[in-house]
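J.: the sequence and its predicted three-dimensional model are supplied below.
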Amino acid sequence: MKKITVIGTGYVGLVSGTCFAESGNQVICCDNDERKINNLLQGGVPIYEPGLKELIEKNVKKGTLCFTSNIKQAIREAEVIYIAVGTPMSPSGEADLSFVEQVAKTIGENVNSYKVIVTKSTVPVGTGRLIESIIKQHLREDYPFDIVSNPEFLREGAAIKETLNMERAVIGTESDMAYQIISELHQPFTSTILRVSLETAEIIKYAANAFLATKISFINDIANICERVGADVTKVSEGIGLDSRIGNKFLQAGIGFGGSCFPKDTAALVHISQKCGYDFKLIKAVMETNEGQRVKIVEKLKDALGTLNGKTISVLGLAFKPDTNDIRSSPALDIIPYLSVNGATVRAFDPIAVEETKKQLGYQCLYFKDIYETLENADACLILTDWLQVKHLDLNKVKELMRQPLIVDGRNIFDLETMQEFGFTYLSIGRQPINKGTIISKAI
Ligand SMILES: NC(=O)c1ccc[n+]([C@@H]2O[C@H](COP(=O)([O-])OP(=O)(O)OC[C@H]3O[C@@H](n4cnc5c(N)ncnc54)[C@H](O)[C@@H]3O)[C@@H](O)[C@H]2O)c1
Ligand SMILES: O=c1ccn([C@@H]2O[C@H](COP(=O)(O)OP(=O)(O)O[C@H]3O[C@H](CO)[C@@H](O)[C@H](O)[C@H]3O)[C@@H](O)[C@H]2O)c(=O)[nH]1
């Protein structure tokens, strides 16, 4: 049992802290956002993540998990301190380290005994050393401490499951004692623990995300070729994925990647490579392909309708992926304003991300939690998130509700034969269009 303080109670800090409590540690989750902490203290959970609420309730009741905005006190009480604050994209694309630096200063000022200080935030190579020097500068006495990089690989929407059963833990440190402590913390979660240097651990995180993002842009490039040559990208994914050297994961063509990590971390990696004098052309192309996918889907919609002006468009999905209310870098945030500015009335559906979206987009669209209500009198339906509710749509009902049977699918959810049978005009990514439905309003 270790006394752990997690600084930053967001998607990563709250999940990690809760899982460390679940595995028998004494955990304090703290944040400088008092509203967030008050919400947690009153039994609320600021994010949607399957299984999280139940696990928090269980551990708070057991007394193994608590919340505070008194960060200084939480630092003093800890043996292990996890830094899990945000490292957002700065306007230049670089990772903004201001929150990490601020936390390092607060840690330095409040260290009162030996502590292991662990970076869980995704940070550029060299940040561990920077944290070490900031802490040293602010120490009140010559207390010993060790620095560890322990990057986080969880996926939103499956965060609890993937933390409690992680495929691997990466621990970067020079200290044997710190390695011992952090690897013991991970033994309940995985038997695969990789010990590396601080710098190697830091770059492993960016390399992992960049590689996954590359797979997605690669299959999207193949999809764009498939459209031109009359092939079907879903079958290409299957065909190449059967080769165990390639694997079948992260080969789903579509509107491209969004979320709080891939766009930000690919951009940061470009800066990391520039800083060390290397031109990482591949990752720049990955980003360019990804941006192009959002444009392509809107072009398909515009071509099918003739004009956006005066049309009613049902957008299905606001979150960047299913099972989360996270809308950071979600395609919907770019596409809805574009549709609205070009004269369309947008009716948007999401089962859980409506409140978050309202904060950003306000009344640029009408919001619905009922998927069928969203589709009433629509000239077109645009699928942006592969929610289960979208996958399970009653297509007969959809056809009855819509003004005309036009579906533009950014997630390749439906098979072409089904859409042919139901009589839709169905436009997806990297597959041949189905031109079955009668689109009455095409001409302008
Ligand atoms: N979201 C993911 O799926 C994921 C997965 C792996 C790694 N990461 C990385 O983990 C880090 C955190 O990501 P997140 O999605 O949890 O971010 P988040 O924005 O959800 O949470 C960050 C939290 O840190 C708090 N914070 C900021 N400055 C603080 C300070 N000085 N003191 C105390 N609290 C402070 C914020 O109030 C916020 O609650 C990022 O570096 C991210 O790249 C995220
Ligand atoms: O075949 C695929 C797989 C994913 N996506 C999209 O890619 C984005 C990211 O998806 P996913 O990786 O499932 O979600 P994240 O929660 O962003 O997780 C990624 O980013 C995290 C933050 O760094 C890492 O910890 C995870 O390992 C990494 O998968 C989403 O927009 C998906 O729709 C595709 O377009 N095609």
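T.: That came in fine, so what should we check first? Just so we're clear, the structure is a prediction, and the values are computed from it rather than from any experiment. Numbers count the residues shown, from 1 in each chain. Ligands and ions are numbered 1, 2, ... in the order given.
J.: straight-line length of stretch 361-370, end to end?
T.: With C-alpha to C-alpha, to the nearest Å as the measure, stretch 361-370 spans 19 Å from end to end.
J.: for that stretch, give the mean pLDDT please.
T.: Across stretch 361-370, pLDDT averages out at 95.
J.: going forward can the numbers begin at 3, since that is how I track them
T.: Sounds good: first residue 3 from here, last item stretch 363-372.
J.: list the helices and strands the helix or strand hosting residue 270 packs on?
T.: Secondary structure from DSSP states H and E places residue 270 in helix 264-277. Counting contacts by 3 or more C-beta pairs under 8 Å, 6 or more residues apart in numbering; DSSP states H and E, helix 264-277 packs against helix 200-231, helix 283-307. Bear in mind the C-beta positions are built from the backbone N, C-alpha and C, glycine included.
J.: and the contacts of the shortest one?
T.: When contacts are taken as C-beta atoms under 8 Å, 6 or more residues apart in numbering, the neighbours of helix 283-307 outside the stretch itself are 212, 215-216, 218-220, 222-223, 226, 256-259, 264-265, 268-269, 271-272, 275, 310, 313, 315, 333, 336-337, 340-341, 381-382, 384, 408, 410, 412, 427, 429, 431, 441, 443-444.
J.: follow-up on the earlier one: for ligand 1, which of the helices and strands packed on helix 264-277 is the nearest?
T.: For ligand 1, the closest of those is helix 200-231, at 7.3 Å, according to C-beta to the nearest ligand atom.
J.: next, the angle helix 264-277 makes with that closest one.
T.: Here the directions of helix 200-231 and helix 264-277 differ by 120 degrees (axes from the mean of the first three to the mean of the last three C-alpha atoms, to 10 degrees).
J.: by contact count, what packs against helix 200-231?
T.: helix 129-140, strand 147-151, strand 171-174, helix 235-243, helix 264-277, helix 283-307.
J.: give the buried residues for the fifth one.
T.: Put plainly, it is helix 264-277. Neighbour-count burial for helix 264-277 flags 264, 265, 266, 267, 268, 269, 270, 271, 272, 273, 274, 275 (criterion: 16 or more other C-beta atoms under 10 Å).
J.: sec struct for the residue lying closest to the second one once chain neighbours are set aside, please.
T.: Just to be clear, that refers to residue 265. Distance criterion C-beta to C-beta, 6 or more residues apart in numbering; nearest residue to residue 265, sequence neighbours excluded, is residue 331 at 4.5 Å. What DSSP: H, G, I helix; E, B strand; the rest coil gives for residue 331 is coil.
J.: so how far is ligand 1 from residue 331?
T.: 11 Å (C-beta to the nearest ligand atom, to the nearest Å).
J.: right, and that residue touches residue 258 too?
T.: No - with contact defined as C-beta atoms under 8 Å, residue 331 does not count as touching residue 258 (9.9 Å).
J.: check contacts around the residue sitting nearest the centre point of the chain.
T.: The centre of the chain sits closest to residue 261, judged by C-alpha atoms, centre = their mean, with a distance of 3.6 Å. Residues in contact with residue 261 (C-beta under 8 Å, 6+ apart) are 158, 322, 323, 328, 330, 331, 332.
J.: list phi and psi for the second one.
T.: Backbone dihedrals for residue 322, given as degrees, to the nearest 10, come out at phi -70, psi -20.
J.: let me know how buried residue 240 is, in neighbour terms.
T.: Neighbourhood size, residue 240 [other C-beta atoms under 10 Å]: 12.
J.: and the nearest residue to it once chain neighbours are set aside, how far from ligand 2?
T.: Nearest non-adjacent residue to residue 240, counting by C-beta to C-beta, 6+ apart: residue 250, 7.2 Å away. According to C-beta to the nearest ligand atom, residue 250 stands 9 Å off from ligand 2.
J.: secondary structure element for residue 250?
T.: Here residue 250 is assigned to no helix or strand, by DSSP H and E.
J.: so it sits right up against residue 239, yeah?
T.: Yes - under the criterion of C-beta under 8 Å, residue 250 is in contact with residue 239, at a separation of 7.0 Å.
J.: who's more crowded, those two?
T.: Neighbour count, other C-beta under 10 Å: between residue 250 and residue 239, residue 239 has more, with 23 against 14.
J.: for that one, give its distance to residue 160.
T.: In this view, residue 239 and residue 160 are 20 Å apart by C-beta to C-beta, to the nearest Å.
J.: the residue lying closest to residue 348 once chain neighbours are set aside and residue 317: what is the separation?
T.: Nearest non-adjacent residue to residue 348, counting by C-beta to C-beta, 6+ apart: residue 367, 3.7 Å away. Distance of residue 367 to residue 317, computed by C-beta to C-beta: 7 Å.
J.: which bits of the stretch 53-202 of the chain sit near ligand 1?
T.: 73, 86-89, 101, 104-105, 123-124, 154, 156, 158 (C-beta under 6 Å from any ligand atom).
J.: 8 Å instead?
T.: 73, 86-90, 97, 101, 104-105, 108, 122-125, 153-158, 161 (C-beta under 8 Å from any ligand atom).
J.: kindly write the ChimeraX command that selects the buried subset of the residues you listed.
T.: Entered in ChimeraX, the line below selects the buried ones among those, by 16+ other C-beta under 10 Å:
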select :73,86,87,88,89,97,101,105,108,122,123,124,125,153,154,156,158,161
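J.: just checking: which of the residues of the stretch 53-202 of the chain next to ligand 1 also lie near ligand 2?
T.: 124, 154, 155, 156, 157, 158, 161.
J.: now, which of those residues sits nearest residue 23?
T.: residue 161 (14.6 Å; C-beta to C-beta).
J.: can you pull the contacts of the closest one?
T.: If you count contacts by C-beta under 8 Å, 6+ apart, then residue 161 has 13, 17, 51, 54 around it.
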